[in-house]
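Visitor: Build me a model:
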Amino acid sequence: MSEYQIVKTIKIDGDFDGFDDEVLFKLMDGSYWIQNEYKYWYHYAYCPTVHILKSGNRHYIQVQGRNEIVSIRQISDITESQINGEFNGWEGETQYQLMNGEVWKQSTYNYDYTYAYMPVAIIYHAGSGYKMKVEGTIAEVQRIK
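Guide: Take a look at the predicted model:
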């Protein structure tokens, strides 16, 4: 780890399920980071301590006590709100109104049934478009209002 400089050591805010593709990480300081390269590694932990590392002009994340490191980038184009009513997952062209008045529509097909009442919705720009994360499920979305 000598080529990496530790920028900060902090906890992830909530569940951590490991790395996959464009995984979003919210840290306890309120900052958001997104996985910048594909790497799959499953490891569940609740609020694990992580190191934010830097090498050159790139940032990386490492769960404390583990060897796996993945490239990340900080993002600031985030909307946090709640679904206004029931959330029944994704069905293809699902639309959801948020408590902040915005309306978002699923833009690519993905079927995933998950029920929750007024869950938190996090919308972020992942580079390839906007994604909405609700109750551990994610779908590509576009804003319609």
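Visitor: how about residue 72, secondary structure?
Guide: On the three-state scheme (DSSP: H, G, I helix; E, B strand; the rest coil), residue 72 is labelled strand.
Visitor: care to break this protein down by domain?
Guide: Recorded structural domains for the chain (assignment: automatic domain parsing) are 5-75, 78-143.
Visitor: avg pLDDT for the shortest one?
Guide: Right, the one you point to is domain 78-143. For domain 78-143, mean pLDDT is 93.
Visitor: what about it, how long is it end to end?
Guide: 13 Å (Cα to Cα, to the nearest Å).
Visitor: got it, and the longest one?
Guide: Terminal residues of domain 5-75 lie 20 Å apart, using Cα to Cα.
Visitor: from the middle of its chain, how far away would it be?
Guide: 11 Å (Cα atoms, centre = their mean, to the nearest Å).
Visitor: and the spatially most central residue of the chain, how far is that from residue 101?
Guide: The centroid of the chain falls nearest to residue 24 when counting by Cα atoms, centre = their mean (2.2 Å). Distance from residue 24 to residue 101, counting by Cβ to Cβ, to the nearest Å: 23 Å. To be clear about C-beta, it is placed using only N, CA and C from the backbone, and glycine gets the same treatment.
Visitor: If the residue nearest to residue 130 when sequence neighbours are not counted is in a bridge, with which residues?
Guide: Nearest residue to residue 130, sequence neighbours excluded (Cβ to Cβ, 6 or more residues apart in numbering): residue 141, at 5.3 Å. Beta-bridge pairing for residue 141 (DSSP bridges): residue 106, residue 130.
Visitor: check contacts around residue 141.
Guide: Taking Cβ atoms under 8 Å, 6 or more residues apart in numbering, we find residue 141 in contact with 104, 105, 106, 107, 123, 130, 131, 132.
Visitor: Show the buried residues in those residues.
Guide: Buried by 16 or more other Cβ atoms under 10 Å: 104, 106, 107, 123, 130, 131, 132, out of these.
Visitor: Return the member of those nearest to residue 39.
Guide: Nearest to residue 39 among the buried ones among the contacts of residue 141: residue 131, at 18.2 Å, using Cβ to Cβ.
Visitor: ok, that closest one touching residue 138?
Guide: Yes - the criterion here is Cβ atoms under 8 Å, and residue 131 meets it with residue 138 at 5.4 Å.
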